[in-house]
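Novice: show me how the following folds:
(chains A and B)
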Amino acid sequence: MKKITMTLTDDLISINPYELDAKQKNEIFLEALLEEIKFHYDNNEQYNRFCKNKDFNPYDFQEDLDQIPPIAVSVFKDLGANLKSIPDSEVKLSLQSSATSGVPSTVVLDKITAKRQAKVMVKVVKDFIGAERKPFIVVDVSPEPQNIQFLGARYAAIGGYLNFASDVNYALEKQPDQNVSFNVEKTKSFIASLDKDTPIVVFGFTYMLFAQVVQPLLDKGITFSLPKGSKIIHIGGWKKLESEKIGKEQFNRSMSQLFSVEEAHVIDIYGFTEQMGLNYPDCKCGWKHTPMYSEIIVRNPATREVMPDGQEGVLEFLSPIPHSYPGNVVLTDDVGITNPELCTHGRNGTRFKILGRLKKAEVRGCGDILGSKLKFSGTSDESNMVGESNLELHYWRGKKIDTSQSTELQLKELISKLNAKKEWLRGQPIDALIGLIGEASKTWLAAEGDLANMKEKGLGFLANWAKPIHLNRISTIGLRNNRQFIDGFLPLNESRKQFLKANQRGLVCHWLAGNVQVLGMFALLQAILTKNVNLLKISSKDGGVFAGLLKSFEGLSYTTKGGYTITGDALLETIAVVYFSHKDKNIGELMSKSANVRIAWGGREAVETVANYPSMFDTEDIIFGPKISFSAISKEVLTTERKARKLARKVAVDSSVFDQTGCASPHNLYIEKGGVVSPKEFCVFLSEGLKKTSIQIPKGETSIEQISAVHSIRGLYDFKGEVWSSEDTTWTVVYSEDQNLNPPVYSRVIMVHPVDHINETLELIDDNIQTIGLASSGEKALNFAEKAVEKGVMRCPEMGRMLNFESPWDGIFLMERMVRWSTFGGPLV
Amino acid sequence: MWEPQGMYSKFLLKQPTILFGPNAIMGLKTYACSRVVVIHGSGLDEEYKQKVSNATSAFEITFIKKTWLGEPTLETLYATIKRVEEFKPDLIIAIGGGSVIDGAKMVRTYYEFPFFEVNETSFSMLNWKTTFVVVPTTIGSGSEISSASVMYNKRQKTKEFVISHQFIPEIIVLEASLIENAPKKVLLSSMVDALSHAIEGYMSKIDNLLVDSYAEKAIQIISQYYQVINKCVEQEHINKLQLASLFAGLVQNHCIVGATHALAHQMSAYGLSHASAISIFLPAVIRKNIKDPDAQFRFNQLALHSGFAKGEDLLTFVEEFVSLFDLTEELNVVKKNKQSIISDDVFFEQALSDKGGQGNPISMDKEFLVEIFKEVSS
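Specialist: Reported below is the predicted structural model:
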């Protein structure tokens, strides 16, 4: 078997890369590919499981290439070196991607694969730069042993390209401070030492070239004059440059200018670790080609359906080259298009272009936990904190602000107008405020008009939370067991000699996160009940939600039974909702310095920004930093199928509220083995629960990137364990035997792990864990909760109520922090 | 909202602090407060007001004369609530009879929970921010220890019970000095009310061994001291009767009274005072109930434990007690309306659904109540 496979692929790679047309290529390519896939199917248990999960059997496969299930690149990141189809004794090398963004992919190579890689690489590159060896300027440090670590993944690539080199100059030198610099003199002498008619090849990694060469040298007015026909080849991709908004054209122009090389001779070579060896240089026709040894399919990132030529999609590459690991059909995160027209330069092979990269699913939730919790860590990138932005008044019902003045003056005026309302607010009885908010809660409960689409964003819960009876309770608990402390002096602890009063702090400034807007509302309402005026800086992703919630107060009024009336319009004059760019340091600082209380919610951006702003020395900081949460179920509560189903429904609710973007949303679920219902059986109930819940709590809009992330995790668990999911990407349950605390995927993806005892999950706890949804009983539950909170967990609520905002939240009685406590009389001792 | 004995057969006994004896009001001195509102009826004199002022350690105290007449209605409470809201008290004292106390309970409720709705059954009152002190100026109604506030629904011409254990005040002050000048007839009829609470509460379907002893003690005290009302009254004796009334009220509050109250409540529409109506129906209801052997056994037991030789003796005592005052006028009203009431289904439907009569030991139906009504009106 092995021999046959080898022969087919060997046959294939003996053909020149762009020699055969599609028709001629197809048959031999498919045969070689299938033989290789059969090898993995027979020799790789994990791949075999994946194929079975995908209902794919290479032995009776009669369909087109696109029907072979692709493996997402994320699988190589997660399973890496373990995903091999050969015995350990045959492993020669482990290759790791440079991981410019996130976790690196790892693949293991055996002799066969390494040979194939080298062969196809030479064949392809030769077609572009010619067969004869040429002098090379490698824009990197020399691959000496002491530089290997610094070079990392680049080491192997440089080694590969040296096959084409007759002479080499390493242009970069490492300085004692570990920085690198371009040795201009050395490079100039190297060029001078060569025959003026022999073209040179400049080789390097795209990002290194740009950072170390183009920008610094052009700035200094340095250029090199290379012989005619010289070429610049660069590999490694655009990921880093994209963030600097550098386009390929600009890059090529700069490179051609610097080395006096035709722009058409600046060749970008595409490739990726999972199919190392396969290189896709730019053809002069302006497109890349798939050689004999690979094929490309463009898929819709959301549905995974094949896209027609000319339409953008994510790129899948198929190749029989990988033998030591099943990397034959790989779905990348790269976005591109194909072109059916023939190449004007005579190359066969599917023509395609890389257009970019599927953005990493944006971390919308609190899962983006901070590496450091130091408040004034000084880690903010000062260079980003520049520029002036406009002050967008998203909601303001007070007197008009003069918008002709500078942003800073506008904000100052707004703050001064808010502060002027402090006295009015101080005079409002807390119960009247509660009553008025209660009136707004009726509007929220009805969820009509613009509020209708807020239903899945926690509006129903907010409405119930803001009912007077609940606000009464919250403010009683929050204000030392008597909410009337905010209305006047009352005996302190039953004393007849000493009296206590709670006072407004003044201006509460909120930095809101875009993930869970209603959370910001909880803080705002409590700030109102403590009679503070409020300035809220919304997230750029707010989408008018916050203003929509506040509009509910317009025209409302509430009259106490004794006839005291408070109107919503009057209250609204104590609240302003603004937006300005977080990069506008001045205005951010102004807001911060004016705050008597600063509240930052959830997202990394808000928290870091606020932490780095100056503030008054007595400003109260309430930072609800990013946190993550999980759930745990002990076997005692899985005694009957009925109980398990009921519990599964609750887990489903927790996983569906706010589409898992809340810091209290569970992503991982740990289930004890040994119950009447096994962890795996629970997954089935959970998937039924998620299905039902998706009707009750409709899912919000899901981005393409998020959909892709869901596909990736499903793909990964097709290897690692099992997957239960909706037809679309509405919900996903994945199961594997590991006990890791996996990073959140969001979008109703719940990762289930079996454990022998729930206490095993205590090991996963650090102070980044906010909530553990706990289904256990008796002493076991109590012991678990005690240990969990000692390790940093804030709450161990019931399942189904993890997202129910309560007081205290994140360890804080919010209202207590938003008042100043003063005494009269006493002290007693 | 209210379960007389709670779930799981637990004995609920919410026991307020009781200040009694000479100058009991001065006991308030030890309670911390900042601003005090006193809600009172028409009879409170300046001397006592001064006494109350001296008894608190508050910065400010204000006296508000109740703005409702007779049983409070929502509308008539509002003017008082307004003044209370403006004053923002943390201690509220109600000095007066049942109507003042019941009204003050509602004033306090609306002051603390302006969003409270009488018909919102899921409303649970928690965490009063005020301390509520009740100083009853009458004996018998038990409103000082009652979880109910009786309001009059003008539209439906019925009494409505707003019920919550939270209505029970934190402090009850039993000041004999406020009672001693009350008319003897009022005092006597009030004691019949107390007596009926003890008897009907004891006989109630809701059995509570702990509360039984309060009923027995109440009857014992009443039977021992009722005659002092007719004589020169000592404050000490009045104080005893106040305690008996309180005990009886506590029994009523926990065990729910029976047919006597169910019928008596309907008679307020005919102008009969509560105590008079009770006096009219109580002996007849007892006689009707003890035809049942189990009820008779309970009644005998109550008689024995409260110092009588047998049930009949207790019944005789009740009958004698009732005969002490003149009910001619009230009985005439009953007789005059006999036919119209007997043919009035609504009267009996309301009596059957009256929350204050649900504890009757024998299941009530219209026939049961009609028979009692016929007996008293014959």
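Novice: A:Leu20 - that's part of a helix, no?
Specialist: No - A:Leu20: not assigned to a helix; according to DSSP: H, G, I helix; E, B strand; the rest coil it is coil.
Novice: was I right about it contacting A:Asn348?
Specialist: Yes - when contacts are counted by Cβ atoms under 8 Å, A:Leu20 is listed as touching A:Asn348 (6.1 Å). Every residue, glycine included, has its C-beta placed from N, CA and C.
Novice: can you count the residues close to residue 77?
Specialist: Reading this off chain A. If you count neighbours by other Cβ atoms under 10 Å in any protein chain shown, A:Lys77 ends up with 19.
Novice: could you do chain B instead?
Specialist: For B:Leu77, using other Cβ under 10 Å, the count is 23.
Novice: got a list of what it touches?
Specialist: Counting by Cβ atoms under 8 Å, 6 or more residues apart in numbering or on different chains, B:Leu77 touches A:561, B:67-68, B:103, B:106-107, B:110.
Novice: ok, and the most crowded of those?
Specialist: B:Val107 (32 neighbours).
Novice: any stretches of the chain with poor pLDDT?
Specialist: No chain in the question, so chain A it is. A:1-7, A:98-103, A:153, A:212, A:237-246, A:360-388, A:456, A:515, A:602-606 (pLDDT under 70).
Novice: not what I meant, chain B
Specialist: Using pLDDT under 70, chain B drops low at B:1-12, B:121-127, B:232-233.
Novice: how about the residues of the stretch 51-200 of chain B by chain A?
Specialist: Within the stretch 51-200 of chain B, the positions lying close to chain A (Cβ under 8 Å from any Cβ of the partner chain) are B:57, B:77-78, B:81-86, B:88, B:90, B:110-115, B:123-124, B:126-127, B:129.
Novice: mind checking which of these are buried?
Specialist: B:57, B:77-78, B:81-85, B:88, B:90, B:110-115, B:123, B:129 (16 or more other Cβ atoms under 10 Å in any protein chain shown).
Novice: just want the residue of the stretch 701-829 of chain A that's nearest chain B.
Specialist: Relative to chain B, the nearest point of the stretch 701-829 of chain A is A:Phe824 (9.4 Å; Cβ to the nearest Cβ).
Novice: residues touching the helix or strand containing that residue, excluding its own?
Specialist: Using DSSP states H and E, the element containing A:Phe824 is strand A:819-825. Defining contact as Cβ under 8 Å, 6+ apart, one finds that strand A:819-825 is touched by A:479, A:486, A:489, A:492, A:495, A:497-505, A:530.
Novice: is it true that A:Phe56 lies in a strand?
Specialist: No - A:Phe56 sits outside any strand when classified using three-state DSSP, being coil.
Novice: tell me the contacts of it?
Specialist: A:Phe56 touches A:67-69, counting by Cβ under 8 Å, 6+ apart.
Novice: list the buried ones in stretch B:230-240?
Specialist: Buried-residue list, stretch B:230-240, by 16+ other Cβ under 10 Å: B:233, B:237-240.
Novice: dump those to JSON lines, plus distance to A:Cys283 and secondary structure.
Specialist: Shown next, in JSON lines, are these (distance: Cβ to Cβ, whole Å; DSSP: H, G, I helix; E, B strand; the rest coil):
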{"residue": "B:Val233", "distance to A:Cys283": "118", "secondary structure": "coil"}
{"residue": "B:His237", "distance to A:Cys283": "117", "secondary structure": "helix"}
{"residue": "B:Ile238", "distance to A:Cys283": "113", "secondary structure": "helix"}
{"residue": "B:Asn239", "distance to A:Cys283": "110", "secondary structure": "helix"}
{"residue": "B:Lys240", "distance to A:Cys283": "112", "secondary structure": "helix"}
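Novice: which member of these is positioned nearest chain A?
Specialist: B:Asn239 (27.0 Å).
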